[in-house]
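pasted the sequence and its predicted model underneath.
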Amino acid sequence: MLDPMSSFEVKNIIPLHFLGLDLSITNSSLYMMLVVGIVLAFFSIGTKNVSLVPSKAQCIIEKMFFFMGDIVKTNAGDNGIRLFPYMFALFLFICLGNMIGLLPFAFSFTSQLVVTFGMAFIVFVSSIIIGIRCNGIHYFRHFCPSGLPSYIIPFFVIVELMSFAFRPVSLGIRLFANIVAGHVMIKIIAGFAVSFVSVAALSGFAILPIALDILLNIFKLGVCVLQAYVFVVLSCMYLAESMAAHDEH
Amino acid sequence: MDPMAAKFIGGGISVIALFGVGIGLGKLFSSLIESIARNPSAKKDLMSTGMICFAMVESVALLAFIVAMCLLFVV
């Protein structure tokens, strides 16, 4: 009960095996579907009667739309506005996934390394594909800028390749570690409250960890949005960089 | 050495990385405040860059935290 790692367990709800693949509905995939459902429902309600004078829901949607549009435009340039639908979907998915985990008894799927790393890996692979589609074979010159002395080129290429390969790792682990660390911190401090209550003389002091927990939850709400923002900005930069790789030569 | 003791000592050692993170965050925010004070009209751009840098520096601390948690609870 007091083990802070117990809330990250993936539980199988409906076992489902198909062609040797494990397609079971777990609590992780259930919450993912829930988040997608919330976003779809909110957007379809908000944009049902689009008017010049927006309703409350339409106001929120427009605000988010322009906020994301600004981010994509400043980080990927005017050419990168084609990335906008993907980035908007990614932002909403991560942000709501982080936030839904803050509810009591809820499960946050972004605390699973496989989910965050999967999203980062999609960005990584698509940045390679976009780079090759936009620049052809010249995309690979990005790893070896011209004008270097010949003896330094092998080291430079190795270092560039390594830093390129570590992008999805750092992108995925950052989100994962932030969410896990926040949840564990909240749970450890809640554990202090439980151990205060168990000693009769000190039970009054249990209010301190509880107050701290409330503050931490508010702080975590900011971290949720910030991490989704950082994830989107970084993936935007990576994709835009591979789109514009030919500009340097 | 008792393996349990080694586990706890390792958990403690792994958060020494916070030393560097503290220095980094201090430098980041001191220069952020200084630049906003010099040019308040650039606050919006500076804040977004600053927040990205903050998340990057913080991720080092969180990696240390993950190592500590792995040593305490998983190993």
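Cool, the structure landed. As the structure is a computational prediction, the values presented were derived from the model and not from experiment. Numbering: from 1, shown residues only, chains lettered A, B, ... in the order given.

would you point out which residue of chain A is nearest chain B?
Ranked by C-beta to the nearest C-beta, the top residue of chain A for proximity to chain B is residue A:177, at 3.6 Å. (Glycine included, C-beta is placed from N, CA and C.)

buried stuff in stretch B:64-75?
Judged by neighbour count (16 or more other C-beta atoms under 10 Å in any protein chain shown), stretch B:64-75 contains these buried residues: B:64-69, B:71-72.

ok, now stretch B:46-53?
Across stretch B:46-53, burial judged by 16+ other C-beta under 10 Å covers B:46, B:48, B:50, B:52-53.

and stretch A:153-160, by the same measure?
For stretch A:153-160, a neighbour-count test (16+ other C-beta under 10 Å) marks nothing as buried.

distance between stretch A:146-159 and the chain's centre?
34 Å (C-alpha atoms, centre = their mean, to the nearest Å).

tell me how far the ends of that stretch are from each other?
16 Å (C-alpha to C-alpha, to the nearest Å).

and residue B:23, what does it touch?
Residue B:23 makes no contacts at all, as judged by C-beta atoms under 8 Å, 6 or more residues apart in numbering or on different chains.

measure it to chain A for me?
Computed with C-beta to the nearest C-beta, to the nearest Å, the distance linking residue B:23 and chain A is 20 Å.

neighbours of whichever residue of chain B sits closest to chain A, how many?
Closest contact between chain B and chain A, by C-beta to the nearest C-beta, is at residue B:62 (3.6 Å). Residues near residue B:62, counting by other C-beta atoms under 10 Å in any protein chain shown, number 22.

I'd guessed it sits against residue A:175; true?
No. Between residue B:62 and residue A:175 there is no contact under C-beta atoms under 8 Å: 9.8 Å.

chain center to the host helix or strand of residue A:188: distance?
Element membership for residue A:188 (DSSP states H and E) is helix A:167-198. Relative to its chain's centre, helix A:167-198 lies at 16 Å (C-alpha atoms, centre = their mean).

next helix or strand past that helix?
Next along from helix A:167-198, by DSSP H and E: helix A:207-243.

and that following helix, does that touch chain B?
Yes. With C-beta under 8 Å from any C-beta of the partner chain as the measure, helix A:207-243 is seen reaching chain B through A:226-227, A:229-230, A:233-234.

distance-wise, check residue B:51 relative to residue A:234.
Separation of residue B:51 from residue A:234 (C-beta to C-beta, to the nearest Å): 12 Å.

what's the answer for residue A:162, then?
To residue A:234, residue A:162 is 18 Å away according to C-beta to C-beta.

who has more neighbours, those two?
residue A:234 (20 against 9).

what's the nearest residue to the more buried one if we skip its chain neighbours?
residue A:171 (5.9 Å; C-beta to C-beta, 6 or more residues apart in numbering or on different chains).

show me what contacts that neighbour?
Contacts for residue A:171 (C-beta under 8 Å, 6+ apart) come out as A:116, A:120, A:123-124, A:231, A:234-235.
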